[in-house]
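Novice: Got a sequence here, can you build the structure:
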Amino acid sequence: MTAIIQDPRTILCFGDSNTWGFNPDGSGRFPQPTRWPNQLERALNQTKPDLPWRTVEEGLNSRTWLHDDAIGSANYGGDYSCSGRSSLMTALHSHKPIDVVILALGCNDCKGYLNLSAQQITAGARILIHDTRRALNCGPRLDTPSSPQIILMTPPAIRITPQSLTWGFEGAELKSQALAEHYRRLAVELDVACFDVQPVANPSTLDGVHFDAQSQALIAAGLAACIRQTLGQHTSTDT
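Specialist: Now for the predicted structure:
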């Protein structure tokens, strides 16, 4: 009798340069084993090797919730849309079935020249949560169509440094800190999980925006605990 092969449970990590793995020393991208999405996969699989996980890295430099940013993409030599909404649905359908989506955006929305308030940035998060919930054919393999579980991840507490100012983050320090509370309130209102990264890891003093190599492991461990708790509230498979 042929054994049934079970697909790994899938986590879509949808974010910006801190999901992509931007090294704050300016040398480019962290190696694959260092980046937090891949450390998250390893952490979850150590706990439940019989129910394997895989993470999908969907990070893009300068990505925002809703707004295009040609200036931001040009900083990385890119000619692409920075709007998260423009690419989320494609990512969901590309990688389905998906058990969990981590929405990790809002950092780039804090750039001064985009002129967005913390409330307006949070409204962008609301829209992408709504979009994810509409994707009923993208959730886990179940008898009825469903959407993935959602974790809303806060942006880092941005530091003002010469490099962050060069990228346009004037005024982002207080705004990014305020977003943590706005995201928590939104998560409660919409009944999604929230992972506040700000107490867990700070961006490097080298550029004030990106997490260093040591922080990658801290973020992965925090998210692993959040995912276990989130799925434990909806299914008995991880308890």
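Novice: What does Met153 show for phi and psi?
Specialist: With angles defined as degrees, to the nearest 10, Met153 sits at phi -100, psi 130.
Novice: for Val101, same thing?
Specialist: Torsion angles, degrees, to the nearest 10, at Val101: phi -120, psi 120.
Novice: surely it meets Gln149?
Specialist: Yes. Using Cβ atoms under 8 Å, Val101 is in contact with Gln149, at 7.3 Å. (C-beta placed from N, C-alpha, C; glycine too.)
Novice: which one of the two has more residues nearby?
Specialist: Neighbours were counted for Val101 and for Gln149 using other Cβ atoms under 10 Å; Val101 has more, 31 against 22.
Novice: Quick check, Gly218 in contact with Asn202.
Specialist: To be clear, residue 218 is Leu; Gly isn't right here. No. Applying Cβ under 8 Å as the test, Leu218 and Asn202 come out as separate, 9.9 Å apart.
Novice: so what does the host helix or strand of Gln229 touch, helix or strand wise?
Specialist: Secondary structure assignment for Gln229, by DSSP states H and E: helix 213-232. If you count contacts as 3 or more Cβ pairs under 8 Å, 6 or more residues apart in numbering; DSSP states H and E, helix 213-232 packs onto helix 36-47, strand 100-104, strand 149-153, strand 193-195.
Novice: so can I have a markdown table of the ones you listed showing distance to Gly124 and mean pLDDT?
Specialist: Output for these, formatted as a markdown table (distance: least, Cβ to Cβ, whole Å; pLDDT from 0 to 100):
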| stretch | distance to Gly124 | mean pLDDT |
| --- | --- | --- |
| helix 36-47 | 22 | 94 |
| strand 100-104 | 10 | 98 |
| strand 149-153 | 11 | 98 |
| strand 193-195 | 15 | 98 |
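Novice: Ile151 - how many residues pack around it?
Specialist: So Ile151, with other Cβ under 10 Å, has 22 neighbours.
Novice: should've said Thr55
Specialist: Look at Thr55: counted by other Cβ under 10 Å, it has 25 neighbours.
Novice: Am I right that it sits in a helix?
Specialist: No. Thr55 is assigned strand when assessed by DSSP: H, G, I helix; E, B strand; the rest coil, not a helix.
Novice: isn't it right next to Leu40, touching?
Specialist: Yes. Contact criterion Cβ under 8 Å: Thr55 and Leu40 qualify, at 5.5 Å.
Novice: so what sits against both of the two?
Specialist: Each of Ile11, Cys13 lies in contact with both Thr55 and Leu40 under the rule Cβ atoms under 8 Å, 6 or more residues apart in numbering.
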